[in-house]
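sequence first, predicted model second:
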Amino acid sequence: MATLNANLRFKADVGSEKTAVIYTVDKTITEGGLQRKKITGTSKGAGTVIAPNATIAAGTYLIVRNMNSTKGNYIIISQNNVEFIKLAGGPSGSGDYAILPLHMGHDIIAHSTAGTEILEYATYEV
Amino acid sequence: MATLKAKLNLTCTDLLSDSIKSETTNTWTNITEGGIISEAIVPTTGGAAKLLYNLADFTNKPAYVYLRNTDTDSAKLIYIRTVDPAGNEDNFIRLKGGEWAWFPWGNSMSIKVFAHTTLTILEHGCFSTD
């Protein structure tokens, strides 16, 4: 057993009152790791399976981050032909990221705009 | 225009031979719409799931979604569903009590929600540009 600590802070001044949120979660995990992979497929059908339904349990945390430096070079995450996350690139490693506990039921697939984008990703099974 | 800043820190010191530590900050300076609300989720089946964010309201807008199950009981699950333009629905996030999620919305589907136990509270927000 090991512990994954995830801490999310976000601030917004979109309203009359500023919003500031800090949430931390500690999860006991049994499997996981952080890796990078070039996402060469430029369509869902040619995408890379980053979380196979056959081996990933419901509730597993998925963390994804686009390492590309160009904003318009997206990595798209989909399941069952539905694109639900669209990660823009960003300079100096500031590309979009996402963190979510997966429901599962389908393979989770990544494809990219140019076929050269690097995805940093992890699945942590709780 | 408003600014949204989101920072994620991940640490894990005892899973692998080496520790994992990752820190990412995203800043958007062109946010025009958004906010966070708490809402009691009434439906308890996928078929009755409530529409949370409608694709039609966010087409071609970069949007970032925040979700948190505020319940302290981890057994009180909240399910987030995708709805594609043809109306096909699928679960894609399962939030136990206390869990949260953050993601840039794919803008190709609407988002619905239902709960394992009626009246479980979901805190949620969506930040976007015009």
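It's in. Residues are numbered from 1 along each chain as shown, chains lettered A, B, ... in the order given.

what's across from the closest residue in space to B:E123 that isn't next to it in sequence in the sheet?
Nearest non-adjacent residue to B:E123, counting by C-beta to C-beta, 6 or more residues apart in numbering or on different chains: B:R68, 4.3 Å away. C-betas here are computed from N, CA, C, even on glycine. With DSSP bridges applied, B:R68 shows beta-bridge pairing to B:W100, B:E123.

what pLDDT does B:D130 get?
B:D130 carries a pLDDT value of 69.

related to what we said a few turns ago, for the residue nearest to B:E123, which residues are in contact?
A:Y23, B:L95, B:E99, B:W100, B:A101, B:L122, B:E123, B:H124 (C-beta atoms under 8 Å, 6 or more residues apart in numbering or on different chains).

show me the strands in chain B, by range?
In chain B, the strands defined using DSSP state E lie at B:2-12, B:20-31, B:36-41, B:50-53, B:63-69, B:78-83, B:89-95, B:100-104, B:110-115, B:120-128.

so how far is the shortest one off the chain centroid?
For strand B:50-53, the separation from the chain centroid amounts to 11 Å (computed by C-alpha atoms, centre = their mean, to the nearest Å).

re earlier: between the contacts of B:R68, which is closest to A:K86?
B:A101 (15.0 Å; C-beta to C-beta).

and that closest one, what pLDDT?
93.

also A:S16?
The model reports A:S16 with a pLDDT of 71.

ok, it - how many residues close by?
Using other C-beta atoms under 10 Å in any protein chain shown, A:S16 has 5 other residues around it.

ok, the spatially closest residue to B:N60 that is not a sequence neighbour - how many residues close by?
Spatial nearest neighbour of B:N60, chain neighbours left out: B:N107 (7.0 Å); criterion: C-beta to C-beta, 6+ apart. By other C-beta under 10 Å, 16 other residues sit near B:N107.

which residues does the closest residue to A:S43 other than its chain neighbours bridge with?
Nearest residue to A:S43, sequence neighbours excluded (C-beta to C-beta, 6+ apart): A:H111, at 5.8 Å. Beta-bridge partners of A:H111, counted by DSSP bridges, are A:I76.
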